[in-house]
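>>> Okay, predicted coordinates and the sequence, questions at the end:
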Amino acid sequence: MAADAHDTGSPGMTPLAWAALLVVYVVWGSTYLGIGIAIESMPPMLHAGIRFLIAAALLAAFLALRRGPGALRASRRRIGSAMLVGLLLLTSGNGLVAIAEQHVSTGLAALLVAAVPLWLVVLRSVGGDRPPLATFLGVAVGFVGVALLSILPGGSSGSAFGAAVLLAASLSWATGSFLAGRLPMPADSFAASVYEMTAGGAALLVLGLARGESLDVGAITVRSWLALGYLIAFGSLLAFTSYAWLLRNAPLSIVGTYAYVNPVVAVLLGALVLSEAVTWPVLLGGAIIVLGVAIVVTTESRPGSSGPAGRPPATRAPRRRRSGDLLTRLSPRTGQEARSDRPGP
């Protein structure tokens with residue numbers, strides 16, 4: 001179990017572990033670029049809904065073949081909790097990221113979504129937890145970077161709307177991650193992921209249709225189809241399984257570094273592939289956000305710090321865990337919390 005390995009001096013980083021971590025670094029960081037390319041000719045909400053429903057179907061089929069038809073069995077209450085988390089993480093979390101990327105660069109989107117660990121600390125405090133002083137310092141530093149990105153000329157690429165939508169997306173993602181550790185969820189994290197992606201994907205389709213989005217298959221470019229396929233196969237499946245394996249086989253303090261490496265990867269890819277301008281406000285605000293997240297992740301990884309933001313996907317024991325386990329829920333972008341493709345988008 002991830003937490004136990006961490007508590008007792010988890011195994012060192014083997015070549016396989018470094019390879020898996022590289023996958024998480026690059027793939028989760030690249031999902032923002034994937035979304036940006038997919039929505040060039042696809043509606044934002046409908047594309048995300050299709051992505052998560054296909055990923056859910058593939059994962060469900062894999063579980064059924066590997067473990068039998070009872071692999072997805074869970075009580076209605078646990079399924080309902082997983083669906084609620086899916087709505088927060090994927091529908092309003094990733095869905096808003098897709099909308100925002102119509103107005104801001106993919107790199108800026110990744111930097112603002114990197115505020116998820118900061119929101120988690122705020123939610124923990126509201127819930128009665130008492131994070132260390134250094135954690136609050138990291139939150140303060142990180143939100144200074146968010147403010148600079150949002151208000152400086154050239155920081156939000158001229159779109160205050162896009163920046164506001166991204167902050168709402170990161171808050172929704174953080175809320176879903178926070179509740180996922182406190183609600184009764186399916187015992188198997190893979191099964192929980194199926195329900196989360198199914199609920200989130202279905203809601204995205206409904207909202208997309210309600211917004212007047214329509215899918216003109218003939219107008220979709222090969223480039224966008226490839227991006228969608230990449231998001232499904234690599235963002236929602238490969239990176240997810242790599243991350244789940246890392247939780248059991250690598251130190252959490254190292255695994256958690258993805259939280260501040262992903263935004264850097266996203267900015268670089270956006271500049272290289274989409275020729276997105278990297279202005280000095282983006283560099284300054286982004287560096288400050290990454291610094292704040294690094295302080296939070298480093299502090300929360302230390303033994304003896306206060307309670308976790310969420311229960312890790314690899315272990316769902318009811319006992320209270322140390323906040324180093326916060327790292328297991330900080331996925332910025334690929335889809336369903338740390339267990340779903342990250343968040344991130």
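Nice, thanks for sending it over.
>>> Give me the below-cutoff pLDDT ranges for this structure.
Flagging of the chain using pLDDT under 70 yields the residue ranges 1-12, 150, 152-158, 244, 247-248, 252-253, 256, 301-345.
>>> Buried residues, the longest helix along the chain. List them.
In the chain, assigned by DSSP state H, the helix with the most residues is helix 44-67. Applying a neighbour-count criterion of 16 or more other Cβ atoms under 10 Å, the buried positions in helix 44-67 are 44-56, 58-60, 63. No exception for glycine: its C-beta is placed from N, CA and C like everyone else's.
>>> same check, this time on stretch 213-232
Buried, per 16+ other Cβ under 10 Å, within stretch 213-232: 213, 220, 224, 227, 228, 230, 231, 232.
>>> just checking, residue 74 is part of a helix?
No: going by DSSP: H, G, I helix; E, B strand; the rest coil, the assignment for residue 74 is coil, not a helix.
>>> residues contacting it?
Listed by Cβ atoms under 8 Å, 6 or more residues apart in numbering, the contact set of residue 74 reads 82, 186, 187, 188, 191, 192, 195.
>>> and what of residue 198?
Counting by Cβ under 8 Å, 6+ apart, residue 198 makes contact with 52, 53, 56, 83, 86.
>>> is it true that the third one touches residue 197?
Yes: taking Cβ atoms under 8 Å as the definition, residue 56 is a contact partner of residue 197 at 3.7 Å.
>>> what is in contact with these two at once?
In contact with both residue 56 and residue 197: no residue, using Cβ under 8 Å, 6+ apart.
>>> The helix or strand residue 202 falls within: what's the following helix or strand?
Assigned by DSSP states H and E, residue 202 belongs to helix 189-210. With elements assigned by DSSP H and E, the helix or strand that comes after helix 189-210 is helix 222-230.
>>> Which neighbouring elements make contact with the next helix-or-strand element following that next one?
Counting by DSSP H and E, the next helix or strand C-terminal to helix 222-230 is helix 239-249. Where contact means 3 or more Cβ pairs under 8 Å, 6 or more residues apart in numbering; DSSP states H and E, helix 239-249 is packed against helix 2-7, helix 15-23, helix 189-210, helix 252-255.
>>> Share the number of residues neighbouring the residue lying closest to residue 179 once chain neighbours are set aside, please.
Leaving aside its chain neighbours, residue 179 sits nearest to residue 85 (6.1 Å; criterion: Cβ to Cβ, 6 or more residues apart in numbering). Neighbour count of residue 85, defined by other Cβ atoms under 10 Å: 30.
>>> how about residue 85, secondary structure?
Under the three-state scheme (three-state DSSP), residue 85 adopts helix.
>>> could you measure it against residue 105, distance?
Look at residue 85 and residue 105: by Cβ to Cβ, to the nearest Å, they are 29 Å apart.
>>> so where does residue 140 fall, helix or strand?
Residue 140 is located in helix 133-151, with elements delineated by DSSP H and E.
>>> Would you mind putting the CA coordinates of the longest helix of the chain into PDB?
Extracted C-alpha coordinates of helix 44-67, given in PDB (Å, rounded to 0.1, in the frame of the first residue of the first chain):
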ATOM      1  CA  PRO A  44     -15.300  21.700 -25.900                       C
ATOM      2  CA  MET A  45     -18.000  20.000 -23.800                       C
ATOM      3  CA  LEU A  46     -18.900  17.300 -26.300                       C
ATOM      4  CA  HIS A  47     -15.300  16.400 -27.000                       C
ATOM      5  CA  ALA A  48     -14.700  15.900 -23.200                       C
ATOM      6  CA  GLY A  49     -17.900  13.900 -22.800                       C
ATOM      7  CA  ILE A  50     -16.900  11.500 -25.600                       C
ATOM      8  CA  ARG A  51     -13.400  11.200 -24.200                       C
ATOM      9  CA  PHE A  52     -14.400  10.100 -20.800                       C
ATOM     10  CA  LEU A  53     -17.300   7.900 -21.900                       C
ATOM     11  CA  ILE A  54     -15.000   6.000 -24.200                       C
ATOM     12  CA  ALA A  55     -12.300   5.700 -21.600                       C
ATOM     13  CA  ALA A  56     -14.800   4.500 -19.000                       C
ATOM     14  CA  ALA A  57     -16.100   1.800 -21.500                       C
ATOM     15  CA  LEU A  58     -12.500   0.600 -22.200                       C
ATOM     16  CA  LEU A  59     -11.600   0.500 -18.500                       C
ATOM     17  CA  ALA A  60     -14.900  -1.300 -17.700                       C
ATOM     18  CA  ALA A  61     -14.300  -3.900 -20.400                       C
ATOM     19  CA  PHE A  62     -10.800  -4.500 -19.200                       C
ATOM     20  CA  LEU A  63     -12.000  -5.000 -15.600                       C
ATOM     21  CA  ALA A  64     -14.700  -7.400 -16.700                       C
ATOM     22  CA  LEU A  65     -12.300  -9.500 -18.800                       C
ATOM     23  CA  ARG A  66      -9.600  -9.500 -16.100                       C
ATOM     24  CA  ARG A  67     -11.700  -9.900 -12.900                       C
END
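>>> Can you spell out which helices and strands pack onto it?
Using 3+ Cβ pairs under 8 Å, 6+ apart, helix 44-67 is in contact with helix 29-38, helix 95-100, helix 189-210, helix 222-230.
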